[in-house]
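1. Sharing a model that was predicted from the sequence below.
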There are 2 protein chains.
Amino acid sequence: MKKQRGLLIVLSGPSGVGKGTVRKELFSQADTNYEYSISMTTRNPREGEVDGVDYFFKTRTEFETLIEDGGLLEHAEFVGNYYGTPLAYVNETLDAGRDVFLEIEVQGARQIREKAPDALFIFLAPPSLSELKARLVGRGTETDDIIAKRIATAEAELEMMSLYDYVVENDEVENACDKINAIIKAEHCRRERVEKIYLSMLKGE
Amino acid sequence: MKKQRGLLIVLSGPSGVGKGTVRKELFSQADTNYEYSISMTTRNPREGEVDGVDYFFKTRTEFETLIEDGGLLEHAEFVGNYYGTPLAYVNETLDAGRDVFLEIEVQGARQIREKAPDALFIFLAPPSLSELKARLVGRGTETDDIIAKRIATAEAELEMMSLYDYVVENDEVENACDKINAIIKAEHCRRERVEKIYLSMLKGE
């Protein structure tokens, strides 16, 4: 039987929403059965960060050579530094039938949406979005200016999430992780996916 | 804010696959937060079955009057008896923003797919499907006739599941329930669904 290709899982969301915290919590759980793809960056390691664990730390020249060689699934420049996903690890892991989990910036997620449309895109949303109504009504003391700015921010976040399959609100890390795990489990039960497995069995692959 | 309509969840699958057992296990769990829609039937109660708990037991005349009055979301005749879903309960519960769970025959599920295409359709598959490969290869002692019959059965099951969103294999009741709960949780995070909530907030509904 032909091995089914793994699922490419992309977690992204606005800067500061807590993507890293959620990802670390997911991978600290004993029953996590997907592989984390370590990102590559040109930024300096922060205290306690380990090369090959938190990131692969590279120079700008090394990074730019990889871009030219097509060695990155996606890359983005963010606050003056490059961030990217090494392509080889992702492909090898998916080909071996294991799911790969990426935690990346929205700019990079957009590139993957184009290259790998059957990946699973999860948008981590700030809890502020669900509190929007309270914020819009406010305590009646906000100026029209402030209300207008809040609406604009919410509209920008809505615009951003429009490329994703799922939206998970990061109200509490535990809740967010539960939802992400449920989404991954559900995705493996999607009819199109299961059908493919059965069809390849019938064909004797 | 306008109340979001609940989700209509339809669990179905081939006769004898264990739909009732899985449904009972789901509703015996403490944290189940969807409502079970009790089916209506003209068949006689089996020992221990209670009217209004297991089924609403009706005469053929009562049932046929309901069909004529458009009081059923779906109905099917199965081994000489009618089975159906009372429409009023489903609509009231969904309008109140609560999810409704139906466990019905494939014939009825097909009717709902047409009437309520945004419902969530889960196909409970026999574990035999995943064991198909082993059964096809067999122990080398099966006749071509037997192999052909197995392929035909598998193809019929594949054909049946093509209308569903998800396929859950009933290998063990516990596993099947876990997957169904994950699917329902994930479905609430689907971007289209979350987007609607945010948009109605922005409109001040």
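-> Looks like it came in fine. Remember, predicted model here, so these are calculated numbers, not experimental data.

2. For chain A, which residues are neighbours of chain B?
-> When proximity is defined by C-beta under 8 Å from any C-beta of the partner chain, chain A lies next to chain B at A:1, A:123, A:125, A:129-130, A:132-133, A:136, A:151, A:154-155, A:158, A:161-162, A:164-168, A:178-179, A:181-183, A:185-187, A:189-191, A:194-195, A:198-199, A:201-202, A:204. Quick note: C-beta positions are derived from backbone N, CA and C, even for glycine.

3. Nearest residue to residue A:8 in space, please, no chain neighbours.
-> residue A:119 (3.9 Å; C-beta to C-beta, 6 or more residues apart in numbering or on different chains).

4. where does stretch A:47-57 sit relative to the chain's centre, distance-wise?
-> 19 Å (C-alpha atoms, centre = their mean, to the nearest Å).

5. Put the alpha carbons of that stretch into PDB.
-> Only the C-alpha atoms of stretch A:47-57 are listed here, as PDB (Å, rounded to 0.1, in the frame of the first residue of the first chain):
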ATOM      1  CA  GLU A  47      18.800  34.300  26.000                       C
ATOM      2  CA  GLY A  48      18.200  30.600  26.500                       C
ATOM      3  CA  GLU A  49      17.500  29.900  22.800                       C
ATOM      4  CA  VAL A  50      19.400  27.000  21.300                       C
ATOM      5  CA  ASP A  51      20.400  26.600  17.700                       C
ATOM      6  CA  GLY A  52      18.600  23.600  16.100                       C
ATOM      7  CA  VAL A  53      16.000  23.600  18.900                       C
ATOM      8  CA  ASP A  54      14.300  27.100  18.800                       C
ATOM      9  CA  TYR A  55      15.600  28.100  15.400                       C
ATOM     10  CA  PHE A  56      18.300  27.400  13.000                       C
ATOM     11  CA  PHE A  57      20.400  30.600  13.300                       C
END
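
6. List the buried residues of that stretch.
-> In terms of neighbour count (16 or more other C-beta atoms under 10 Å in any protein chain shown), stretch A:47-57 has its buried residues at A:54-57.

7. do the same with stretch A:146-155
-> Buried residues in stretch A:146-155 (16+ other C-beta under 10 Å): A:150, A:153-154.

8. Tell me the one among those nearest to chain B.
-> The closest of the buried residues of stretch A:146-155 to chain B turns out to be residue A:154 (C-beta to the nearest C-beta; 6.2 Å).

9. Might one say that the closest one is in contact with residue B:202?
-> Yes: Residue A:154 lies in contact with residue B:202 (C-beta atoms under 8 Å); the separation is 6.2 Å.

10. which helix in chain A runs the most residues?
-> helix A:144-161 (DSSP state H).

11. Export only the CA atoms of whichever helix or strand comes after it, formatted as CSV.
-> Proceeding N to C from helix A:144-161, the next assigned helix or strand is strand A:166-169, under DSSP states H and E. Taking C-alpha atoms only, strand A:166-169 is exported to CSV below (Å, rounded to 0.1, in the frame of the first residue of the first chain):
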residue,chain,number,x,y,z
TYR,A,166,-10.0,27.6,10.9
VAL,A,167,-9.9,30.4,13.4
VAL,A,168,-8.9,29.7,17.0
GLU,A,169,-9.2,32.4,19.6
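
12. who does whatever helix or strand comes next after strand A:166-169 touch, helix- and strand-wise?
-> Following strand A:166-169 in sequence order, the next helix or strand is helix A:173-188 (DSSP H and E). Under the contact definition 3 or more C-beta pairs under 8 Å, 6 or more residues apart in numbering or on different chains; DSSP states H and E, helix A:173-188 sits against helix A:19-28, strand A:120-125, strand A:166-169, helix B:173-188.

13. who's in contact with the shortest one?
-> Spelled out, that is strand A:166-169. Contact with strand A:166-169 is made by A:120-127, A:129-130, A:161, A:175-176, A:179-180, A:183, B:186, B:189-191, B:194-195, as judged by C-beta atoms under 8 Å, 6 or more residues apart in numbering or on different chains.

14. again, 6 Å this time
-> Here strand A:166-169 makes contact (C-beta atoms under 6 Å, 6 or more residues apart in numbering or on different chains) with A:122-125, A:127, A:130, A:161, A:176, A:179-180, A:183, B:189, B:191, B:194.

15. go on, the last one?
-> Applying C-beta under 6 Å, 6+ apart, the set of residues contacting helix B:173-188 from outside is A:182-183, A:185-186, A:189, B:21-22, B:25-26, B:120, B:166, B:168, B:170.

16. go again using 8 Å as the cut-off
-> A:166, A:178-179, A:181-183, A:185-187, A:189, B:7, B:9, B:11, B:18, B:21-22, B:25-26, B:29, B:34, B:99, B:120, B:122, B:124, B:166, B:168-170, B:193.

17. That helix vs strand B:120-125, what angle?
-> 160 degrees (axes from the mean of the first three to the mean of the last three C-alpha atoms, to 10 degrees).

18. what mean pLDDT does the helix or strand just after helix B:173-188 have?
-> Heading C-terminal from helix B:173-188, the first helix or strand you meet, by DSSP H and E, is helix B:191-202. Mean pLDDT, helix B:191-202: 85.

19. Tell me which other helices or strands helix B:191-202 touches.
-> helix A:132-137, helix A:144-161, strand A:166-169.

20. which strands and helices sit next to the longest one?
-> Secondary structure elements in contact with helix A:144-161, counted by 3+ C-beta pairs under 8 Å, 6+ apart, are strand A:120-125, helix A:132-137, helix B:191-202.

21. closest one to residue A:50 among those?
-> Across those, residue A:50 has its closest neighbour in strand A:120-125 (24.0 Å, C-beta to C-beta).

22. May I have that closest one as PDB, with CA atoms only?
-> Extracted C-alpha coordinates of strand A:120-125, given in PDB (Å, rounded to 0.1, in the frame of the first residue of the first chain):
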ATOM      1  CA  LEU A 120      -4.300  23.000   6.900                       C
ATOM      2  CA  PHE A 121      -4.400  26.700   7.800                       C
ATOM      3  CA  ILE A 122      -5.200  27.700  11.400                       C
ATOM      4  CA  PHE A 123      -5.400  31.400  12.300                       C
ATOM      5  CA  LEU A 124      -4.700  32.200  16.000                       C
ATOM      6  CA  ALA A 125      -6.900  35.200  16.800                       C
END
